[in-house]
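Peer 1: I'll drop the sequence and a predicted model, then ask my questions.
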Amino acid sequence: MFYATLEGLRRFKIPHNFEFVSIISLYAKWIREGRLKVDPSWNKEGLKFTCQDPCKLVRQGIGDPVADDLRFVIKRVVGEENFIDCWPNRSNNFCCGGGGGALQAGFVENRRKYGKVKFDQLSKTGADVVITPCHNCHTQILDICDYYGGKWKTTHLWNWIEKALVLEK
Amino acid sequence: MSNPKGSVLVVGGGISGVQAALDLADSGFYVHLVEKSPAIGGAMSQLDKTFPTNDCSACILSPKLVEAGRHLNINLLTLSEVLDLEGEPGAFKVRVRQNPRYVDTEKCIACGTCAQKCPKKVPNEFDLGLGTRKAIYLRYPQAVPLKYSIDEKACIYLKKTGRCGFCEKVCPTGAINFDDKPKEFTLEVGSVILALGFRPFDPSSLEFTGYGRLKNVVTSMEFERLLSPSGPCMGHMERPSDKKEPKRIAWLQCVGSRDINRSCHGYCSSVCCMYAIKQAVIAREHSKSGDIEASIFFMDMRTHGKGFEAYYNRAQKEGIKFHRARVHTVLKGKDDNLIVRYVEDDGIPREEEFDLVVLSVGLETDPSAISLSKRLGIELDADKFLKTSLFSPVSTNRDGIFVCGAFSEPKDIPQSVMEASAAASCAQERLWPSRWTETKKKSFPPERNVYAEPPRIGVFVCSCGINIAGVIDVKEVTEYAKTLPGVVFAQNNLFTCSQDTINQMAQTIKEKGLNRVVVASCTPRTHEPLFQETLREAGINKFLFEMANIRDQDSWVHQDDPEAATQKAKDLVRMAVSKVRGDEPLPYNFVPVKKRALVIGGGVAGMVASLSLADQGFPVTLIERKDRLGGHGRKFYRTWQGNLMQDYLKGLIETVMSHENIDVRLNTTLKAVSGSVGQFRSELSDGSMVEHGVAIVAIGAESFKPRKGKWNYLYGKNPNVHTLLELDQRFIKNDPGLLGMNQAVFIHCVGSRVPERPYCSRVCCTHAIDQALKLKDLNPDMDIFMLYRDIRTYGKREHIYEEARAKGIVFIRYDLDNLPKVSEKDERMTVKVRDPIIDEEVVLHPDLLILASAVRPRDDVGELSKLFKCAMTEEGFLLEAHMKLRPVDFATDGVFLAGLCHYPKPVEETIAQAKAAASRAAIVLSREKVPAESITAIVNPMKCTGCALCTLVCPYHAVGIDENTGKAVVDTALCKGCGACVAGCRSDAITLKNLGNEQIMAAVEAALEE
C-alpha cells in the first residue's frame, strides 16, 4: 500500500497536503531528536547485522534517503561496528526475488532460483542477522535462507529497537 | 481591419529563434528577438561537434549569430522575458521586461579587463557547473552580443553597495553601470513565434545511475562541455574525479526518455542515439592516445535521419561497441571507476568496468517555458510539449502565435531550423501586406571617385586591449607604417572596433582625404564588415580596404617571442599596404528579381509551398507530371494521430486549384532551365516559357516494391501481401475483406537499412504500428505480430508504440543474419522467425502479411538535379546546401527543396519543410533586386584562346564562350568569385578583381622584402 499510494500520487501528480514518510525515517528522526533513546550496549556478543533494501521502499520508492535512514537506525541500535553492508546496496541493491506476487503464485522453484542471487550476496556479508523492513522480503529471505542452508536469522527492524530501547525511569 | 503590423516577436534566441528572426528580417519585417540569458545561441552553442557531419557547432553557428546581432532589422533583447500578451493576430501588444545587464552595451568593447580583475568566482552554468566564471562574464567566448554582463546574484558590489567595484575602476570605456534598472516596455507586433527550446533532463532523481553521488557519472550535456575546446578542460577530455583522460567510456541511453516509471517521460527524445554515437566517435578523435573503448547501451538504435544510419554503420566498423541492454545499476568500483551491470538477450547478468559513464539524458520543457505558455494561453500536451496538429505543425492553439524547435517535440537541429523557417512563413502569410513598412534601411553618402588619385593610405593599428599590445610593440608598428610608400596617416588605437574609434576613423578618412585603409587588428571573419561599412559611411568604396591579422595569427601564437612577433606584425602591415595600394573600387552588383516562383511537383510538399507563397501575394507556377494533384498523399490513410489524409488533401487541392495566384499545370514537366537567382527562365514540356525568381523542387519519391529477390516475401504472388500504402488504400476504401481476419504479420525494414539501400526510411515504424492499431480496432481479437529490427517511433510517436504493446500486439526482433522466412502452401502463408528473447523459432500463419517497404528516391532525380545544378546524395536523394543549418536550400542560390525528394519523412515534416522552402523563397521574392558578388572573375579577351577549360571547372556554371567572339565571358550574376577559373586558365586570361596578380604579387613581394 505504501508504494502503490506513493506512486499513484507521483505518477498522476495528484495534489495532496500530506507528507509521505516511512516509519524508518521517523525512527531515525526520533533517535536524532533524542525522543527515542536507544543503546547498543546490549549487543555484548557482537552479533553482526546486515540489511535488505526493499525494492518498493528504496529503489522504486523513496530512494537513497530512506536507505540511509535505515542504516542509521540499525547502527544506533546494534552498534556501528556490528553493521556490515551488503554489496551492491541502497538503490542498487538486489531484489529479494519474492516480489510481484511470486511468493503467492506457485512456481516455487523459479522463485528460489531468483532468490539465489540474494542468498549469495547476503551470505557473503557473513552477518548473523538480516534485517528486512518489508514483510514480503522477510518471507522470501527466510525461505531462501532455509532452502539454501543459510546461517543467518531473518528479522524485522523493530525487534532490535525493542532490544536497545532505553526506558525512562 | 487595417493593415497588420510589419513586425514580429520571436521568443528564444536558440538556433530556431535566430533562424526565424533572420528569415523574417531578410524578407521585410522588423523582428524583436527576446532571449532570457545575456547572449543568444542557445543549446547549440554549448555543443562540441554536430552529427552527422562532425561540423564544429560553434563554427557553423557563429556566423548566423553574428548576422542576427548585426542585422539592422533585428532588435536583440537579451536578458529579457515576455510578461503577457493581448490583442489579436496582426496587432498584438506584448509586455516585455528587460533585466539589467549593468554594462552599457554601447560602450563595452569586450576587452575582458573587468573579468580579469573581478574577485568573485562562481560555477559556470554554460559549462553546467564543471568550470567557473567571474561575476562579470561573457556567456561564452563567441557570445552575441559580445558584451559583458554582471550576474547580480554573485556580484559583491550589487549585494553590498560600496564593496569591491573593481570592474568599474578598470573598465577603459566606463561601461559599468551599477545603477542599471529593470525596464518594462510594450511591443506592438503582428505575430509571435515561440522558440523556447528545451532543457536537458536532470537525472538526479534516478538513483540507480549514481548521478550526483558518483563523480564520474556525467550527463551528455556535461560531456559535450568536456569535449569542447571552449569547455572547462579545453577539449582535452578529463574525467571529474582525478582529471585523467578516461579510457573506457559507457553511454547509457534513454535516461529521462521512454521511461514511464521514474522520470515520467514516455516520449522518445529523438536525438540521443545520434548524439551518443557522435560523442563516442569524437571522444576517440579527441583522445591523445586514441585507444578509447566506447560502449553504448541502448534499447532501440534510432538513427532515422538523413545520413544517420551510415554514421551508425561507420561507428560499428570503427569498433564502438553497442549493447542492446537497459543498464539497471551503476556501482562504484576501484579508483572512482564505475561498474555497470546489465543483461542482454541471453539473460545472463554481466558486469563491466568503466572510467566514465555518460548518461544520454533526454529533452524536456523548461519550467519557464511552461509558465510563459500559461501566461499566453498556449496549450501544452501531457508531455509538457506544445500541442500541435500534424497538418499545421508550427501553429499553436492561439491564432497568430507560431512555434518552432524542440519546444513542440524533441527534435534535432535541421528539423528545428526547418520549422523556424516554416513558422516565419506562417507569420508572413498574414502580415505580407505590411512588408518593408517597419524595417530600417541604411543609407550611405555617394562614393568619392578615387580612380585618378594617387594612393593615400591610412593605417590603423589596434592594441586590442592587451591582446595585441601585450606582446607586440604597437607604437613601433605604427611608426613603421608611416614610413611605407603611400601611407599618409598611421594611428594606434586601444580598441579600433569601439564605437568612438569607428566614428573617429570615418572622420579621419574625410579630413585626411584617405582613399585606402588598412586595419591591423584581428580577423576579417568577424570584423571586416564593420570596417568596410565605416569606409562607406566616409564616402569611399568598401573594397579599398585590407586587414592585417596581427592578433590571431601573430600575438596569440607568438606570445613567447615579442620581438619576432613585432617584426611579423610589421611584415603583415607592409603586405596589406602593398596589396591595398593596387586595390580598385568595385561595383555593388545586383540582379533584378522576377516575382514568380516555379514549384516542381504537385504532391503535398509542392502544394503547401505553392499555397504559402501564393498566400503571401507571390504568383506561383506549379507543375505536376501526372494528370492530378496529390502525389503519394492520395495513397495515405491517416497520420499517427488519426488525422484523415484524404479529407485534408481534398481541401488542399481545392484551395490550390482555385487560388488566384497559383497557375497549376498538370501533365507538365520541366525541360530546360537557364539563368540564376532572380532571373530564371524555364522551358516546360508544353512548350511554354516561365520566367521566375526562385524554384522549389518537391518531386517526391517512390515506394519500394519488392517484386523479386531477397525481400519478395510473396509480394505480388499472394493477394493478402501488401506494402504499407497498399493496406492504406484498403483502409481508405473501407474494405470489408479486412474484417474477420485472425492474424496479421508486419515485416519492418523491407529494403531499408540493407546494403543496397543503407538508410532508414524513417516513416515505416510509426506507419506500421498505426496500421496495426487500426487493424486491432477493426478486429479486436486479431493477433498481430511486428517483426522489426529497431522500433524507431521517435518523439511523441513513442506513445503509439506503448499503446500497441498495451493492446497485446507482439513485437519480435530479427536481424539481417536471421531474416524472417515466408512460404505458402495451399494458400496458407507461413512466417517463421527466430525470437531472440525466448531463443526459439516462432511459426505464424497470417491472413495478412504487410511489408513495411523502403521509401526510395525517384529514378529521374539525376536529370532534374542537373537542370538546377543541385547535388545528390549517394542514395539518390537531393542534397541540401548544409545538412545542419540550411536544410531546405540548395547550394545553387534561389533553388529550394521540400518533401520526400530530400529524405523520407512523415507528412507533418513534409508540411513544415514545404513552408520552410516558401519562407526561404520569400527572402528573394520580397525584394526588387538581390545582391550579387562584387569580387568576380574578369576575362582579358586579348589573352583568351577560347579553350573553354574555365567553363568546365566553374562550379556555378558562370563562365561560357561567347558565340560571336569565341572568347570566354563571365556572368557576374552567377560568379561567386571562387577563383577556380583563374587557376584553371592556361593562358593567364582570367583574373579576380582585386585578387589579381597585381595585388597578390605586390603582397608576396612585400613579404619577401627585408
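Peer 2: Good, I have the coordinates.
Peer 1: Going by C-alpha atoms from here, please, whenever you check contacts or count neighbours.
Peer 2: Will do.
Peer 1: Count the residues that sit near residue 45.
Peer 2: If you meant another chain, say so; for now it's chain A. 7 (other CA atoms under 10 Å in any protein chain shown).
Peer 1: not quite, I wanted chain B
Peer 2: 24.
Peer 1: that's a helix at it, yeah?
Peer 2: Yes. B:S45 sits within a helix when classified using DSSP: H, G, I helix; E, B strand; the rest coil.
Peer 1: So which bits of chain B are right by chain A?
Peer 2: Contacts of chain B with chain A, taken as CA under 8 Å from any CA of the partner chain, map to B:E207, B:F208, B:N261, B:R262, B:C264, B:T329, B:V330, B:L331.
Peer 1: Could you pick out the buried ones from the residues you listed?
Peer 2: Burial by neighbour count, 16 or more other CA atoms under 10 Å in any protein chain shown: within these this picks out B:E207, B:F208, B:R262, B:T329, B:V330, B:L331.
Peer 1: Is it correct that B:V103 is in contact with B:D151?
Peer 2: No. Using CA atoms under 8 Å, B:V103 makes no contact with B:D151, being 10.7 Å away.
Peer 1: quick one: which of the two has more around it?
Peer 2: More crowded of B:V103 and B:D151, by other CA under 10 Å: B:V103, with 21 against 18.
Peer 1: Beta-bridge partners for the more buried one, please?
Peer 2: When bridges are called by DSSP bridges, B:V103 pairs up with B:I176.
Peer 1: What is the burial count for residue 105?
Peer 2: Defaulting to chain A. So A:A105, with other CA under 10 Å, has 10 neighbours.
Peer 1: oops, I was thinking of chain B
Peer 2: 16.
Peer 1: which residues touch residue 163?
Peer 2: No chain in the question, so chain A it is. With contacts defined as CA atoms under 8 Å, 6 or more residues apart in numbering or on different chains, A:K163 is in contact with A:W42.
Peer 1: That was the other one, I meant chain B.
Peer 2: For B:R163, the contacting residues are B:I156, B:Y157, by CA under 8 Å, 6+ apart.
Peer 1: measure it to chain A for me?
Peer 2: Distance, B:R163 to chain A, using CA to the nearest CA, to the nearest Å: 41 Å.
Peer 1: which SS state does that residue fall under?
Peer 2: Per three-state DSSP, the secondary structure class of B:R163 is coil.
Peer 1: Quick check, pLDDT for it.
Peer 2: For B:R163, the pLDDT comes out at 85.
Peer 1: coming back round to it: widest-spaced pair of the buried ones among the residues of chain B next to chain A?
Peer 2: With CA to CA as the measure, no two of these lie farther apart than B:R262 and B:L331, at 18.7 Å.
Peer 1: Can you show me the helices along chain A?
Peer 2: Secondary structure of chain A (DSSP state H): helices located at A:2-11, A:23-33, A:64-78, A:108-125, A:135-148, A:158-164.
Peer 1: Against which helices or strands is the second one packed?
Peer 2: It refers to helix A:23-33. helix A:64-78 (3 or more CA pairs under 8 Å, 6 or more residues apart in numbering or on different chains; DSSP states H and E).
Peer 1: Show me the contact partners of the helix it packs on.
Peer 2: Residues from elsewhere that reach helix A:64-78 (CA under 8 Å, 6+ apart): A:22, A:24-25, A:27-28, A:31, A:38-43, A:47, A:49, A:53, A:57-58, A:81-83, A:90-91, A:157, A:160-161, A:164, B:207.
Peer 1: Output the set of residues of chain A in proximity to chain B.
Peer 2: A:R11, A:R59, A:Q60, A:G63, A:D64, A:P88, A:S91, A:N92.
Peer 1: Most neighbours among the residues you listed, please name it.
Peer 2: Within the residues of chain A next to chain B, neighbour counts (other CA under 10 Å) peak at A:S91, which reaches 28 neighbours.
Peer 1: looking at it, that residue is touching B:T209, isn't it?
Peer 2: No. Counting by CA under 8 Å, A:S91 does not reach B:T209; the two are 9.2 Å apart.
Peer 1: which residues touch the residue of chain B most remote from its centre?
Peer 2: Here chain B reaches farthest from its C-alpha mean at B:D826, the gap being 55.0 Å by CA atoms, centre = their mean. By CA under 8 Å, 6+ apart, the contact set of B:D826 is empty.
Peer 1: Mind pulling the model confidence for B:E364?
Peer 2: pLDDT, B:E364: 96.
Peer 1: So it versus B:R302, what's the distance?
Peer 2: Distance of B:E364 to B:R302, computed by CA to CA, to the nearest Å: 18 Å.
Peer 1: which one is the residue positioned nearest the centre of chain B nearest to, not counting chain neighbours?
Peer 2: Nearest to the geometric centre of chain B sits B:L885, at 2.6 Å (CA atoms, centre = their mean). Closest residue in space to B:L885, ignoring its immediate chain neighbours: B:P414 at 6.0 Å, by CA to CA, 6 or more residues apart in numbering or on different chains.
Peer 1: I'd say that neighbour and B:H882 touch.
Peer 2: No. B:P414 lies out of contact with B:H882 (CA under 8 Å); the separation is 9.1 Å.
Peer 1: out of these two, which sits in the more crowded spot?
Peer 2: B:P414 (21 against 15).
Peer 1: That one should be in a strand, yeah?
Peer 2: No. Assessed with three-state DSSP, B:P414 is helix; it does not lie in a strand.
Peer 1: Could you count how many residues lie near residue 10?
Peer 2: Let's take chain A. With other CA under 10 Å as criterion, A:R10 counts 14.
Peer 1: actually it's chain B I care about, not the one you picked
Peer 2: Other residues close to B:V10 by other CA under 10 Å number 31.
Peer 1: Next: B:E184.
Peer 2: By other CA under 10 Å, neighbour count at B:E184 equals 14.
Peer 1: Name the SS class of B:N734, please.
Peer 2: coil.
Peer 1: For B:A424, see how far away it is.
Peer 2: To B:A424, B:N734 is 39 Å away according to CA to CA.
Peer 1: out of those two, which sits in the busier spot?
Peer 2: Neighbours per residue (other CA under 10 Å) separate B:N734 from B:A424, with B:A424 holding more: 34 against 11.
Peer 1: Can you say which helix or strand has the more buried one in it?
Peer 2: Per DSSP states H and E: B:A424 is located in helix B:413-431.
Peer 1: CA atoms only for the helix or strand following that helix, dumped as CSV, please.
Peer 2: The first helix or strand that comes after helix B:413-431 along the chain, using DSSP H and E, is strand B:457-462. The C-alpha trace of strand B:457-462 is given here as CSV (Å, rounded to 0.1, in the frame of the first residue of the first chain):
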residue,chain,number,x,y,z
ILE,B,457,46.6,55.1,-47.3
GLY,B,458,45.6,55.3,-43.7
VAL,B,459,46.8,52.6,-41.3
PHE,B,460,45.0,51.9,-38.0
VAL,B,461,47.0,49.6,-35.6
CYS,B,462,44.9,48.1,-32.9
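Peer 1: so for strand B:457-462, what's the average pLDDT?
Peer 2: pLDDT averaged over strand B:457-462 gives 95.
Peer 1: how far does it sit from the chain's center?
Peer 2: Taking the mean of its C-alpha atoms, strand B:457-462 sits 38 Å from the chain's own mean (CA atoms, centre = their mean, to the nearest Å).
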